[in-house]
Every structure is written in structure tokens, then in C-alpha cells.
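> this one's structure only:
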């Protein structure tokens, strides 16, 4: 189940961007382990949002949308992602859906950091 949560590095970046929503889990201070909790948010811990929760936060707070699409050509599967904001960004990967999802999340964080 831990793979459903965004990695620690991106969770920390979201916290720096102002993400303060309740999550099902949070990272220990070492950033390597998560524990499940329903309690309030503590300043010393980093919330561990689900990917869906992180993407929803970008939609709600910044109006940013994204898509991840599967492509198939010559029996090769790859995923393309597209971030919709004031500027268009996109990327494509010969990788798994999960890798494309993480790359898309990283791009959303980068766009907001550079605003």
C-alpha cells in the first residue's frame, strides 16, 4: 500500500508549497518510513498524501489539470503526460504508468515553484 503515497521528497516539497491537508499517513522524521494515522497534522512531520490527493490539491489550489495517457505503437507501450496551466508542458516516457505519474507530479511542483 505504501506505493500509493507520493515519495518523501515530493511530500516535503508540497509541504513547502503550503500543502496542509489531513492524510491517512505521514512520514517519520527520517523520511524513509511512513505510519498510518488519523490524527492532526504536526509541524515536525511530513504528511504523506496519496497521489490522487496531491493531484486534487493542484487542481483545487492552482487550477492545474493533468492527463496521463497510454500509447501503443509496434507493441511498445509508453505513457505521455500533459500539464494544463497558463503554459502548456508535456513529456513522454517509455515507462510504467507509475513512473509517468511521478514525473507529472514533479512537473506540477516545478511549475508552482517557478511562478
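Everything's here; your move. The structure displayed is predicted, hence computed values, not measured ones.

> Which helix runs longest in this structure?
Ordering each helix of the chain by length in residues (DSSP state H) puts helix 97-113 first.

> any idea where the strands of the protein begin and end?
25-27, 34-36, 46-47, 65-73, 76-84, 88-93 (DSSP state E).

> Show me what the first one is packed up against.
Under the contact criterion of 3 or more CB pairs under 8 Å, 6 or more residues apart in numbering; DSSP states H and E, strand 25-27 touches strand 34-36, strand 46-47. Using the backbone N, CA and C atoms, a C-beta is placed for each residue, glycine as well.

> Report all helices and strands that the shortest one contacts.
It stands for strand 46-47. Looks like strand 46-47 contacts helix 8-16, strand 25-27 (3+ CB pairs under 8 Å, 6+ apart).

> cool, the first one as well?
Taking 3+ CB pairs under 8 Å, 6+ apart as the contact definition, the neighbouring helices and strands of strand 34-36 are strand 25-27.

> Below-threshold pLDDT in this structure: ranges please.
1, 32-33, 37-44, 78, 84-94 (pLDDT under 70).

> Could I get the phi/psi values of the residue in it sticking out farthest from the centre?
The C-alpha centroid of the chain is most remote from residue 74, which lies 30.2 Å away (CA atoms, centre = their mean). The phi/psi pair for residue 74 (degrees, to the nearest 10) reads phi 50, psi 40.

> what's the longest helix of the chain packed up against?
Taking 3+ CB pairs under 8 Å, 6+ apart as the contact cut, helix 97-113 packs with helix 8-16, helix 51-62, strand 65-73, strand 76-84, strand 88-93.

> Quick check: which of those is buried the most?
With neighbours taken as mean count of other CB atoms under 10 Å, the helices and strands packed on helix 97-113 reach their highest mean count in helix 8-16, at a mean of 18.
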